[in-house]
Structures are given as C-alpha cells and as structure tokens.
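Asker: here is my input, please return the structure:
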Amino acid sequence: MNRHQVDDLLCEALETERGGIKIYETALTCAQNADLTKEWERYLGETRRHERVLMDICTEFGVNAEQETGGRKIVRSIAETLVKGMQVALSSGARGQAEIVAAESVAMAELKDHLNWELIGQVAEKMDGSDAAILKKAYDEIEDQEDRHFYHAKGWARELWAASLGVPAVIPPPEDKLHVKGGMGAAAAEHSRKLM
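Answerer: Numbers count the residues shown, from 1 in each chain. Predicted structure coming up:
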C-alpha cells in the first residue's frame, strides 16, 4: 500500500466534497423543478456530512487535511469551473438552460466523487487494523449515497435535455422513481424510461 498516495487520495476526496458543496449550492439557484430541488437539498446535506467524515479520517490518519497537492488543485479548479458555468447560464436569463447546465455540472462532480469513494473502499479492503476499520466504516456509510447522487444526477441531466429538445421525457427520471443505487439499476432504469 502506497501510504503517500492514500493520503493524497483523502485530501483530493475532501476537496471534491468541498467543491461539491459549492456546486450543489449553486445548482439549487438554477433548479426549477420542485422534485429536483428537494433531491439536491438532501444531497447537499449528505455532501456536507461527507466532508466532515473525511476531515475526521484525516485527523485519525494524521494527515494534514489542508495540505496542498497537485490533485487537489485540479479538483478545486474543476469545481470552480462548474460553478462558473452555472453562474454564466443563470445570468443568461434562460432558466431552463441553467437547470440543465446545473444537472450536468452535478453529474460531472458526482462522477469524481463516486470514483473517490470506490477507491477508498478498495484501500479499506487492502489495509489492516484500525485504519482499515475507519475507512470501511466511512465507505459503508457513504458509498450508496454517492452511487445514488451520480446515477440520479445523470438521469436528471438526460431527462431535462430530452424535455428541452421536445423528446418524450420522464420527470422525475426513472432513476428516482426506481430508487437506483448502482450501475445495474441505472441501466435498467434508463431502459425502462421507454415504458414510462
């Protein structure tokens, strides 16, 4: 196990959650659909919890949670870009377009978040002792939430786009209706949209 890389992953994951908070806060200013607003408010609360969990992990691992790493700078830059894109879309006055940009931004951010937690789970499996237990506990609490965030965000972006194109759309998306929590469920939900 490359402990230096594990520490970098934890810092990058923490930065991803911090960026996610800003992304959700901005996305909420773009949301028009009540179901979407409610979902993003819940996910914002969960993302704030994920940030606290990662801060605690850093403390327990003796990692300086504020250390600057190359990966962390990139993650921060991407989050800032996504927030800026939503602000530009919102300032254009096209509320529907801003909502689509927000859904896409959330999906992009959640893809990275999903990857981070997948890797944290893999690290937990390979570690021993109390460090493994700390990561496993966090992973068990958060991984399903991250799956849901990503797959639901992807579904919202797809359905908002479909509606804007005049193509039949399912809103809320099938991922929400079917309570999707993983890749297989997301594929089934996307396939089932034709029946909805």
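Asker: let me know the helix or strand that the nearest residue to Gln67 once chain neighbours are set aside is in.
Answerer: In this structure, Gln67 finds its nearest non-sequential neighbour in Cys11, 6.0 Å apart by C-beta to C-beta, 6 or more residues apart in numbering. C-betas here are computed from N, CA, C, even on glycine. Assigned by DSSP states H and E, Cys11 falls within helix 3-30.
Asker: ok so, going back, if I look at the residue nearest to Gln67, how far off is Arg76?
Answerer: Going from Cys11 to Arg76 by C-beta to C-beta, to the nearest Å gives 11 Å.
Asker: which one is Gly20 nearest to, not counting chain neighbours?
Answerer: Spatially, and ignoring its direct neighbours in sequence, Gly20 is nearest to Thr47 (4.5 Å; C-beta to C-beta, 6+ apart).
Asker: buried sites along the helix or strand harbouring that neighbour?
Answerer: Assessed by DSSP H and E, Thr47 sits inside helix 34-61. For helix 34-61, the neighbour count (16 or more other C-beta atoms under 10 Å) marks 36, 39-40, 43-44, 46-47, 50-51, 53-55, 57-58, 61 as buried.
Asker: farthest-apart pair in the residues you listed, please.
Answerer: Distance extremes for these: the farthest pair is Leu36 and Phe61 at 36.1 Å, using C-beta to C-beta.
Asker: state the mean pLDDT of the helix ranked longest in the chain.
Answerer: For the chain, the longest helix by residue count, based on DSSP state H, is helix 129-165. Mean per-residue pLDDT for helix 129-165: 93.
Asker: same check on stretch 50-66?
Answerer: Throughout stretch 50-66, pLDDT has a mean value of 96.
Asker: what's the nearest residue to Glu12 if we skip its chain neighbours?
Answerer: In this structure, Glu12 finds its nearest non-sequential neighbour in Gly71, 4.3 Å apart by C-beta to C-beta, 6+ apart.
Asker: just the CA coordinates for the helix or strand that that neighbour is a member of, please, in PDB.
Answerer: According to DSSP H and E, Gly71 maps onto helix 70-91. Provided in PDB are the C-alpha atoms of helix 70-91 (Å, rounded to 0.1, in the frame of the first residue of the first chain):
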ATOM      1  CA  GLY A  70      -1.400  18.600  -7.300                       C
ATOM      2  CA  GLY A  71      -4.600  16.600  -7.500                       C
ATOM      3  CA  ARG A  72      -6.300  18.800  -5.000                       C
ATOM      4  CA  LYS A  73      -5.600  21.900  -7.100                       C
ATOM      5  CA  ILE A  74      -7.000  20.200 -10.200                       C
ATOM      6  CA  VAL A  75     -10.200  19.100  -8.300                       C
ATOM      7  CA  ARG A  76     -10.700  22.600  -7.000                       C
ATOM      8  CA  SER A  77     -10.200  24.200 -10.400                       C
ATOM      9  CA  ILE A  78     -12.800  21.800 -11.900                       C
ATOM     10  CA  ALA A  79     -15.300  22.600  -9.200                       C
ATOM     11  CA  GLU A  80     -14.700  26.400  -9.700                       C
ATOM     12  CA  THR A  81     -15.200  25.900 -13.500                       C
ATOM     13  CA  LEU A  82     -18.500  24.000 -12.900                       C
ATOM     14  CA  VAL A  83     -19.800  26.700 -10.600                       C
ATOM     15  CA  LYS A  84     -18.800  29.500 -13.000                       C
ATOM     16  CA  GLY A  85     -20.600  27.600 -15.900                       C
ATOM     17  CA  MET A  86     -23.800  27.500 -13.800                       C
ATOM     18  CA  GLN A  87     -23.500  31.200 -13.000                       C
ATOM     19  CA  VAL A  88     -23.000  32.100 -16.600                       C
ATOM     20  CA  ALA A  89     -26.000  30.000 -17.600                       C
ATOM     21  CA  LEU A  90     -28.100  31.600 -14.900                       C
ATOM     22  CA  SER A  91     -27.100  35.100 -15.900                       C
END
